[in-house]
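Trainee: Model the following, please.
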Amino acid sequence: MSKKAIRNITSLLDDLPVAHKLQISSKTISPITRKWVELLNEPIRDHSEPTHFEGETLTVAVDGPVWATELRHNTPSFLRKLHMLGYPQISQIKIITKPQNIGPNRQQPVVRPAVDDDVLEGLSRSAEHVEEKALAKAITSLAQVLKRKSK
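Mentor: Residues are numbered from 1 along each chain as shown. Predicted coordinates:
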């Protein structure tokens, strides 16, 4: 493909509305990313990153639900800091959780071995020696559930 053809394709792509949105988003995200250390306190800034900006909403990806809760809790002060750093157009924070366990290093699901029938029988017999009726009933019920799941 010639350089002229590549330039023509690039100029066509630049004219698309999506390209314009991406340019605006990247112009806003880049400086915010550089100032991330100033915007958030240490533990959460290491587990989050700005990913997208559209309209009045900044999207921030976090490493998990605990960090999402932490960021939600700190959203008012985070928005104030954004406004002080020159981003008054951002009035909402959208928090998304990054996918976990992806790639070659993901953890394999734990497969638990079936519970031995003798162990289940011992569990049921131990319930006979428990004086608290509700606890004895719970132990018996647990043994029955485990027996059904092991088959």
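
Trainee: measure residue 63 to residue 146 for me?
Mentor: For residue 63, the distance to residue 146 (C-beta to C-beta, to the nearest Å) stands at 34 Å. Backbone N, C-alpha and C define where each C-beta goes, glycine included.

Trainee: quick one, phi/psi of residue 48?
Mentor: Main-chain dihedrals, residue 48, degrees, to the nearest 10: phi -150, psi 160.

Trainee: Equivalent analysis for residue 86, please.
Mentor: Main-chain torsions, residue 86, degrees, to the nearest 10: phi 100, psi 20.

Trainee: any idea how far it lies from residue 72?
Mentor: Distance from residue 86 to residue 72, by C-beta to C-beta: 24 Å.

Trainee: go on, residue 87?
Mentor: Taken as C-beta to C-beta, the span from residue 87 to residue 72 is 19 Å.

Trainee: Show me which of these two is the more surrounded one.
Mentor: Shown here are residue 87 and residue 72; by other C-beta atoms under 10 Å, residue 87 has more neighbours (18 against 13).

Trainee: can you tell me which residues contact the closest residue in space to residue 37 that isn't next to it in sequence?
Mentor: Closest residue in space to residue 37, ignoring its immediate chain neighbours: residue 45 at 6.3 Å, by C-beta to C-beta, 6 or more residues apart in numbering. Each residue near residue 45 by C-beta atoms under 8 Å, 6 or more residues apart in numbering is listed here: 36, 37, 39.

Trainee: Helix, strand or coil: sort out the second one for me.
Mentor: Meaning residue 37. Under DSSP: H, G, I helix; E, B strand; the rest coil, residue 37 falls in the helix class.

Trainee: So residue 126 versus residue 115, what's the distance?
Mentor: 14 Å.

Trainee: And residue 99, by the same measure?
Mentor: Remark: distance between residue 99 and residue 115 (C-beta to C-beta) = 33 Å.

Trainee: Neighbour count for these two, which is higher?
Mentor: In this view residue 99 and residue 115 are compared by other C-beta under 10 Å, and residue 115 has more residues nearby, 14 against 9.

Trainee: doesn't the more buried one fall inside a helix?
Mentor: No - counting by three-state DSSP, residue 115 falls outside a helix, being coil.

Trainee: That one reaches residue 148, doesn't it?
Mentor: No - counting by C-beta atoms under 8 Å, residue 115 does not reach residue 148; the two are 10.6 Å apart.
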